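Enquirer: Provided below are the primary sequence and the corresponding predicted coordinates.
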Amino acid sequence: MGISRAAVVDAALEVLDEQGLDKVTMRAVADRLGVQHNTVRWHADNKQRLLVLMSDAILAGLDVDALPPQWDDRVRALARWCRGALLAHRDGARLLSGLSTTETNTYRLADTMIQSLLDAGFPPRTAAWANWTLFYLILGITQEQQAQSADAADPVLTFDDDTFPALRKASAYVVTGTFDERFEFALDMQMTALRAELARG
């Protein structure tokens, strides 16, 4: 019985979760499946294509019908869903960073986000660029979170002179707060900016 593309992608995600992005190779996936290297290449002719398929698989499962109807609640729910999908896989955010992915699940997420903003009354350019802005926010904070060792303590920052006066004044907050708290704060700021833009007409 032949190996399906879904099986190849699932095996690649298993390698990702167990060993990290740097260990994802065509050979590692073939070994995981117990097949020849060419079997994997039949479904993904190079590593870049494999990474694209993996990234799209990470974004599978979005239930559009379950999203709240109000546009701002909908946008928040989409942003949180996307972040959760990336966090569900080791190095998930790093995998998606820099990839040009034109697959179904990736398009569905972007289409749903942009449509939510269009329905709210935003012009197409604002809707498209707001989608990118939110996606970059999600990628950035999630990649930083996943790069941080689970047992690494936050650095202790002290600024005892006036070389960096602003950092000295805010030093108690520079590294405090969980990544979820920082994400929600940043998402609040984005939503405030979008509401202000919408009010300007």
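Expert: Yep, that arrived. Remember, it's a predicted structure, so these values are computed and weren't measured experimentally.

Enquirer: which residue ranges of this protein form helices?
Expert: 5-19, 26-33, 37-43, 47-58, 71-87, 92-96, 104-120, 124-147, 165-174, 179-200 (DSSP state H).

Enquirer: for the ones you listed, which one ends up most surrounded?
Expert: Stretch with highest mean neighbour count among the helices of the chain: helix 92-96 (a mean of 23; mean count of other C-beta atoms under 10 Å). Where C-beta positions appear, they are placed from N, C-alpha and C, glycine not excepted.

Enquirer: S116 reaches A77, doesn't it?
Expert: No. Between S116 and A77 there is no contact under C-beta atoms under 8 Å: 9.3 Å.

Enquirer: mind checking which helix or strand of this structure has the lowest mean pLDDT?
Expert: The helix or strand of the chain with the poorest confidence is helix 165-174; it has a mean of 86 (mean pLDDT, DSSP states H and E).

Enquirer: name the helices or strands packed onto it?
Expert: Applying 3 or more C-beta pairs under 8 Å, 6 or more residues apart in numbering; DSSP states H and E, we find helix 165-174 packed against no helix or strand.

Enquirer: for that helix, list the C-alpha coordinates in CSV.
Expert: Extracted C-alpha coordinates of helix 165-174, given in CSV (Å, rounded to 0.1, in the frame of the first residue of the first chain):
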residue,chain,number,x,y,z
PRO,A,165,16.9,56.5,31.7
ALA,A,166,13.7,55.1,30.1
LEU,A,167,14.8,51.5,30.6
ARG,A,168,15.7,52.4,34.2
LYS,A,169,12.2,53.8,34.8
ALA,A,170,10.4,50.8,33.2
SER,A,171,12.9,48.1,34.3
ALA,A,172,10.3,46.5,36.5
TYR,A,173,8.1,45.7,33.5
VAL,A,174,10.6,45.0,30.7
